[in-house]
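what's the 3D shape of this:
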Amino acid sequence: MKKNSDSVEAKSTINSTVDMNVGGQAVIEGVMMRSPQAIATAVRLPDGTIELNKRSYKAFVKKYRFLDIPVIRGAVSFFEMLFIGLETLNWSADIQMQYEEKKENKENKKNKLWNTFLLAGSMIFAFSVALGVFFALPIYIATLLGLSKGALLFNSVAGTIRLILFVLYIALISMMKDIKRIFRYHGAEHMSIFTLEASEELSIDSARTKGMHHPRCGTSFILIVAIFSMILFGIADSLFPLVFGHMQSLRERLLTHFLLLPFVAGTSFEILKLSGKFRSNRLVQLMVLPGLWLQKMTTAKPDDDMLEVALCALKAVLGTEESTT
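Numbering: from 1, shown residues only. So this is what the prediction gives:
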C-alpha cells in the first residue's frame, strides 16, 4: 500500500508542477543547485552547521552564442555539467576533510593547485573506466556472441548489456553507507526543486510532501542515452558496409561508436530537457516512466535536516537565502 501511495504522490507532483531552469546534484553530505545565474553547494558539517559555497555562473553556450544550437549545445552542456558535478563533489569531500583535520587556511591554499590536479586526474580516470566498462565491454561481449552481422540486433544486445551493467553498478554501490546517504540527498534535491516548480514556499513542510522522482534527472539521462545509442549505433553500423564496402571490424566499430558519442550525449540532453518541459503531455509521461522507475534505485527518503540543506542551496541560487550566523 505504501508503494502505491508513493507512486501516486510522485505522479501528482510531476503533473502539478511546471519545469524551471534549475537543476542540481547530490554531493557528500549535501546538495549542489544550479540556476542560469549561479551555482551553490550546501553541505552539512559534523557539528550540525551548514557550509554554503556560492558563485556566479553563466553557461558556456551562453558565453559563446555560436554553440547555442540544438544537439551541439546539448553536448557542450553535458560535458560542462559533468565537470561542474565532479568539481562540486570534490569540494564537498574536501570541506569535510578540512573540518575533521582542522587544517589552517595557509595549508589549504598550498594544496589548492594539488587539488586541481587531483580533480583533473580523477575525471580522466572516471571517464576512462566508464568508457571501458559501459561503452567498450558491451560491444566486445556482443561481438563474442557472434552478432556482428546484424547491426540492429548487435546494438540492441549491446545496449541491453550496457543497461544491465549500469543497474548492477547502482545496486552494488547502493550497499555502501556513504552512497546511501548521497541517494537520500538526491531525494532531497528533487523534492526541493518540485517545491519551487509548484510555486510553494521553500520550506521543509512544503518539500516534505513532494515526490522524489523528477523527469529531468541525470539517472533518466543515462536511460535515454542507452536507448538512443541503440538506434543511432544500429543505423551507423548498417550504413558502414554501404559506405566503406566491407563489414566492420571490432576496432572500426569501437571507433565509429566513439566518434558518435558527442552526438548521442547532445541529443539525449535535448530530449531530457524536453521531457521536463512537456511533462504534462500524456505521451511524454509514458516515455519518462522507465526513467522514473530507475530513479527508485538512486533516490531515498531524506530526513528534515537533508531537506534543509537542499533548500539552503536552492535559495542561494535564487538569491533568496537568509543571512547565516
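
so what's the residue count around the closest residue to Glu200 other than its chain neighbours?
Counting by Cβ to Cβ, 6 or more residues apart in numbering, Glu200 lies nearest to Ser206, which is 4.4 Å off, once chain neighbours are set aside. Using the backbone N, CA and C atoms, a C-beta is placed for each residue, glycine as well. Per other Cβ atoms under 10 Å, the neighbour tally for Ser206 reads 18.

does Ser206 really touch Ser199, like I thought?
No. Using Cβ atoms under 8 Å, Ser206 is not in contact with Ser199; the gap is 10.2 Å.

what about stretch 131-139, start to end distance?
End-to-end distance of stretch 131-139 (Cα to Cα, to the nearest Å): 11 Å.

buried ones in it, by neighbour count?
The neighbour-count check on stretch 131-139 (16 or more other Cβ atoms under 10 Å) flags 134-135, 138-139 as buried.

between those residues, which sits nearest Arg282?
Distance to Arg282 across the buried residues of stretch 131-139 (Cβ to Cβ) is lowest for Phe134, with 31.8 Å.

ok, now which ones touch that closest one?
Each residue near Phe134 by Cβ atoms under 8 Å, 6 or more residues apart in numbering is listed here: 162, 165-166.

what about stretch 250-265, average pLDDT?
The average of the pLDDT scores along stretch 250-265 is 92.

ok, and what's touching that stretch?
Residues outside stretch 250-265 that contact it (Cβ under 8 Å, 6+ apart) are 71, 74-75, 78-79, 131, 135-136, 139-140, 143, 148, 225, 228-229, 232-233, 236-237, 240, 248.

let's see that with 6 Å instead.
With Cβ atoms under 6 Å, 6 or more residues apart in numbering as the test, stretch 250-265 has contacts from 75, 78, 143, 225, 228-229, 233, 236.

and what of stretch 221-240?
Contacting residues not belonging to stretch 221-240 are listed as 151-152, 155-156, 159, 162-163, 248, 256-257, 264, 268, 271-272, 290-291, 294 [Cβ under 6 Å, 6+ apart].

for that stretch, list every residue counted as buried.
In stretch 221-240, counting by 16+ other Cβ under 10 Å, buried: 221-230, 232-234, 236-237, 240.

now, among those residues, which is nearest to Gly276?
The nearest member of those to Gly276, counting by Cβ to Cβ, is Phe221 at 10.9 Å.

A helix includes Gly211, no?
No. Counting by DSSP: H, G, I helix; E, B strand; the rest coil, Gly211 is not part of a helix but coil.

what about it, how many residues nearby?
Other residues lying near Gly211 total 23 when counted by other Cβ under 10 Å.

over to Asp205?
Burial of Asp205 is recorded as 11 neighbouring residues (other Cβ under 10 Å).

how close does it get to Val43?
When distance is defined by Cβ to Cβ, to the nearest Å, Asp205 is 23 Å away from Val43.

same question for Met32.
On the measure of Cβ to Cβ, Met32 and Val43 end up 9 Å apart.

who's in contact with the host helix or strand of Leu314?
Following DSSP states H and E, one finds Leu314 within helix 304-318. For helix 304-318, the external contacting residues (Cβ under 6 Å, 6+ apart) are 30-31, 33, 35, 38, 40, 42, 44, 50, 52, 54, 184-185, 188-189, 192, 202, 204, 207, 321.

could you identify the helix or strand that succeeds the lowest-mean-pLDDT helix or strand in the chain?
The helix or strand of the chain with the poorest confidence is helix 2-15; it has a mean of 48 (mean pLDDT, DSSP states H and E). The element immediately downstream of helix 2-15 (helix or strand, assigned by DSSP H and E) is strand 23-27.

what lines up beside that following strand in the sheet?
Strand 23-27 has the following strand partners under DSSP bridges: strand 30-34 (antiparallel).

what's whichever helix or strand comes after the partner strand packed up against?
Under the assignment DSSP H and E, the closest C-terminal helix or strand after strand 30-34 is strand 38-44. In terms of contacts (3 or more Cβ pairs under 6 Å, 6 or more residues apart in numbering; DSSP states H and E), strand 38-44 is packed against strand 30-34, strand 50-56, helix 72-101, helix 304-318.

can you list the buried residues of stretch 131-139 in JSON lines and add distance to Ala316 and secondary structure?
Converted to JSON lines, those look like this (distance: Cβ to Cβ, whole Å; DSSP: H, G, I helix; E, B strand; the rest coil):
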{"residue": "Phe134", "distance to Ala316": "33", "secondary structure": "helix"}
{"residue": "Phe135", "distance to Ala316": "36", "secondary structure": "helix"}
{"residue": "Pro138", "distance to Ala316": "40", "secondary structure": "helix"}
{"residue": "Ile139", "distance to Ala316": "43", "secondary structure": "helix"}
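
closest one of those residues to Thr299?
The closest of the buried residues of stretch 131-139 to Thr299 turns out to be Phe134 (Cβ to Cβ; 20.8 Å).

measure Phe258 to Phe221 for me?
19 Å.

ditto for Phe66
Taking Cβ to Cβ as the measure, Phe66 falls 25 Å from Phe221.
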